[in-house]
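Asker: What follows is a protein structure lacking sequence information:
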Ligand SMILES: Cc1ncc(C[n+]2csc(CCOP(=O)(O)OP(=O)(O)O)c2C)c(N)n1
């Protein structure tokens, strides 16, 4: 069964097939269709939809629903995402699962509603206070808006940690064919830790407070171990990389542009490929290092170089040989064009040793 | 306090480290009394297994040391949001939001106000001790005028710090709350009244009747700078003058219990029967198919976005890969509309169309903005009302067609986009078969079947016009 839907609608379909019980959200462009679809569809299948009074409320509602062992979803864009950092930190601290979808728009501040990827660091590096990070998945198609929302629920409940689906205005607004999931995911059993308002969960306690330094340190050590264990869930995809002399490294919508650019480059005799992480946290560092080793690499992103910085850091942390990586980016809602990527790739290849910086476009 | 064994509390408070019977509260503090009133009513009403207390941030943060029921700790001020979600997720749960005056009246006041306004199913127990106890006696929204605190060292000055916040009175402006009452725990007589209010609030939860709010005037000897007895007297004299006790509203007798949830279909059944479902075949790879990148532009209301969707739907019927991406946000409200469609024989990379193969222009601004980007060998279809103020790029064909005028003359002014669809079909520039473009056109009127025939007619009129006026060499 297929449907031709917006990325934003696909998120809701994915959430419903994941067994999501409740949606809380506050309107913001370009994420609002997620709330619209949830408002239309959730009640039809006996699930809760509530328009919250603000994003601080939305995320704390996700916290509350999770504490009660429910699968909860909220969606927003930059300004709302900033407000949600409080709740995300509390969820991480209380080992609570739940999914937040960020349909990124241009910032900082009010910025505008056009596509950007400028919330990368906020999503991937924690964003709120304290020693935590979230699961962060990066869809690149309407199909993945659905599938990775389902996977976000799965990982979130497997590791009891909040998960973020990091997309952008273009992915949210565009329509593509979606193949509906085969079946609804089985509900996780939360009886051992959640409060259901039942005799068997009466003794359960959901808090993020650890009153002594010793307890808090132990908790933080445990959180870090959990994040290390999550590494096996890292996912990536390569396109035309086997014989590539140049690898375009990009996630989300940028990887779609990179894909077209790689095809255009090949038509012009340049062997280009694409490496794309589907999970940004955990990051598929070993696969990235393997793919770009001995080749030139060019990051394509719709932000200031946040992803580029992280690629360099991930290579360094993986212990791979230092390798400069070029950057081709636009910001502010300007979407990098295929022609721009092609030109940057050629500059990258023309410049000296593999990976010598090709200069920023903007 | 009564010496009888308190029910609903743990035998000893192990969660605070060493097991102990002593609470973490200071002597003379009202919090402990309020915990007892709550747990007692919870047990007496048979609600212990169903109860979930949302603990605040403030001196009440450790409520879970004592209260033997489900416990959740919320961020500062967010207990109403957390409680809202717990009850919406678990209707059988009895939700208690326990909050201090900084937590509820300052940082979380909007959360409280909105939860009350929605009539969430929860009992809110609000501890008004006129100060921020936990953080060292700072001024609270409820601090009395002239009262000295660590952040109002010269006494609260209403000219700079405003006046004490009367939370019950503010909430009493709202329609949804079932119970709003202010009580005190400063002496035994008052505690008896407080006990009745707590019970009522929990009965309302037991019966699924809605939002209940109970405020407690509560002594804080430590931060009031008084001994236990004087702090209690301060509550009864000074605080009650500002915050008179009493029940402001009790609609519990007439409030209607909420209806049980109606059974609903499962997700799979829902989508199987969903009217928005399109039964299109899955796309198939076809290396021979030349990818087409199209851009549709004009004014909002000209059907630009649906024209694009129609082409994308035709592509789906033909087992092509396709993407559709609209202009959105303020751009749209400014009156212009645009969308990009890609049709391909393989999975599509960029859905953005920077260099269109085909550009459809229904107004002048979009012609001027987008025509220069059309690829050599590409085509611009422009409405005849648009003056060609500038030449198209070299190697780009331009077809001007009176789509708006024709549709007007045929009596369907909103159908200029159908005329443009006919032009795309006749010019053979989408790589898609006319039968699929027509089938997609039909499908777009699924909800208004009367328009199907009409639009087919317009489509053939447009085709006839093209036959007469456009040389066949332009096609393809
Ligand atoms: C976001 C945030 N800001 C500030 C604090 C610090 N803080 C903890 S408790 C508290 C005030 C508590 O006062 P109140 O709600 O009146 O409760 P009481 O301690 O008097 O019972 C504050 C400001 C916090 N925990 N979180």
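Answerer: Alright, I've got the coordinates. The structure presented is a predicted model; accordingly, all values stated were derived computationally and were not measured.

Asker: Which residue ranges make up the domains of the chain?
Answerer: No chain in the question, so chain A it is. Residue ranges for the domains of chain A, per automatic domain parsing: A:2-232, A:236-349.

Asker: my bad, the chain I had in mind was chain B
Answerer: As given by automatic domain parsing, the domain ranges for chain B are B:31-250, B:274-474.

Asker: so who does whatever residue of the stretch 51-200 of chain A ends up closest to the ligand touch?
Answerer: Among all residues of the stretch 51-200 of chain A, residue A:86 sits closest to the ligand, at 6.9 Å; criterion: C-beta to the nearest ligand atom. C-beta: built from backbone N, CA, C; applies to glycine. Neighbouring residues of residue A:86 by C-beta atoms under 8 Å, 6 or more residues apart in numbering or on different chains: A:56, A:59, A:60, A:128, B:75, B:78.

Asker: what would those look like in TSV with distance to the ligand and neighbour count?
Answerer: Supplementary listing: those in TSV, determined by distance: C-beta to the nearest ligand atom, whole Å; neighbours: other C-beta atoms under 10 Å in any protein chain shown:
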residue	distance to the ligand	neighbour count
A:56	10	24
A:59	13	35
A:60	12	32
A:128	11	21
B:75	7	26
B:78	9	30
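
Asker: Spatially, which pair of these is furthest apart? Let me know, please.
Answerer: Distances among these were taken as C-beta to C-beta; the most separated pair is A:128 and B:78, at 13.5 Å.

Asker: one step back: tell me which of the domains of chain B sits nearest to residue A:240.
Answerer: With respect to residue A:240, and counting by C-beta to C-beta, the nearest of these is domain B:274-474 at 11.1 Å.

Asker: hmm, that closest one in reach of chain A?
Answerer: Yes: Domain B:274-474 lies in contact with chain A when judged by C-beta under 8 Å from any C-beta of the partner chain; the contacting residues are B:274, B:276-280, B:282-283, B:309, B:312-313, B:316, B:321-326, B:328-330, B:348-352, B:354-355.

Asker: next one: stretch B:68-75
Answerer: Yes: using C-beta under 8 Å from any C-beta, a contact is recorded between stretch B:68-75 and chain A, made by B:68, B:69, B:70, B:71, B:72, B:73, B:74, B:75.

Asker: Counting neighbours, which of those residues end up buried?
Answerer: The neighbour count (16 or more other C-beta atoms under 10 Å in any protein chain shown) marks B:68, B:69, B:70, B:71, B:72, B:73, B:74, B:75 as buried among these.

Asker: Now flag whichever of those is closest to residue B:471.
Answerer: The nearest member of these to residue B:471, counting by C-beta to C-beta, is residue B:75 at 70.4 Å.

Asker: Can you tell me the closest non-neighbouring residue to the closest one?
Answerer: Nearest non-adjacent residue to residue B:75, counting by C-beta to C-beta, 6 or more residues apart in numbering or on different chains: residue A:90, 4.9 Å away.

Asker: Now do the same for the helix or strand encompassing residue A:90: mean pLDDT, whole number.
Answerer: Per DSSP states H and E, residue A:90 falls inside helix A:85-93. Taken as a whole, helix A:85-93 has a mean pLDDT of 98.

Asker: and residue 338, what does it touch?
Answerer: Picking chain A for this. For residue A:338, the contact set (C-beta under 8 Å, 6+ apart) comprises A:257, A:260, A:261, A:264, B:349, B:350, B:354, B:355.

Asker: right idea, wrong chain: chain B
Answerer: B:295, B:296, B:297, B:298, B:304, B:326, B:327, B:366, B:370.

Asker: what helices or strands is the host helix or strand of the third one leaning on?
Answerer: In this case it means residue B:297. Using DSSP H and E, residue B:297 falls within strand B:292-299. Applying 3 or more C-beta pairs under 8 Å, 6 or more residues apart in numbering or on different chains; DSSP states H and E, we find strand B:292-299 packed against helix B:304-317, strand B:336-344, strand B:358-361, helix B:364-370.

Asker: So which bits of it are buried?
Answerer: Going by 16+ other C-beta under 10 Å, strand B:292-299 has these buried residues: B:292, B:293, B:294, B:295, B:296, B:297, B:298.

Asker: With pLDDT added, can I get those in CSV?
Answerer: Supplementary listing: those in CSV, determined by pLDDT from 0 to 100:
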residue, pLDDT
B:292, 97
B:293, 98
B:294, 98
B:295, 98
B:296, 98
B:297, 97
B:298, 95
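
Asker: Near the ligand, list only the ones from these.
Answerer: The residues of those that also fall near the ligand, by C-beta under 6 Å from any ligand atom, amount to none at all.

Asker: Out of these, flag the one nearest to chain A.
Answerer: Minimum separation from chain A among those (C-beta to the nearest C-beta) is found for residue B:293, which lies at 9.6 Å.

Asker: In contact with the nearest residue to residue B:323 once chain neighbours are set aside, which residues?
Answerer: Of all residues not flanking residue B:323 in the chain, residue B:351 sits nearest, at 3.8 Å (C-beta to C-beta, 6+ apart). Contacts of residue B:351 were listed using C-beta under 8 Å, 6+ apart, and they are A:170, A:174, A:176, A:256, B:323, B:324, B:325, B:340, B:342.

Asker: Just flag the most distant two among these.
Answerer: Across the contacts of residue B:351, no pair lies farther apart than A:256 and B:324, at 13.9 Å, counting by C-beta to C-beta.
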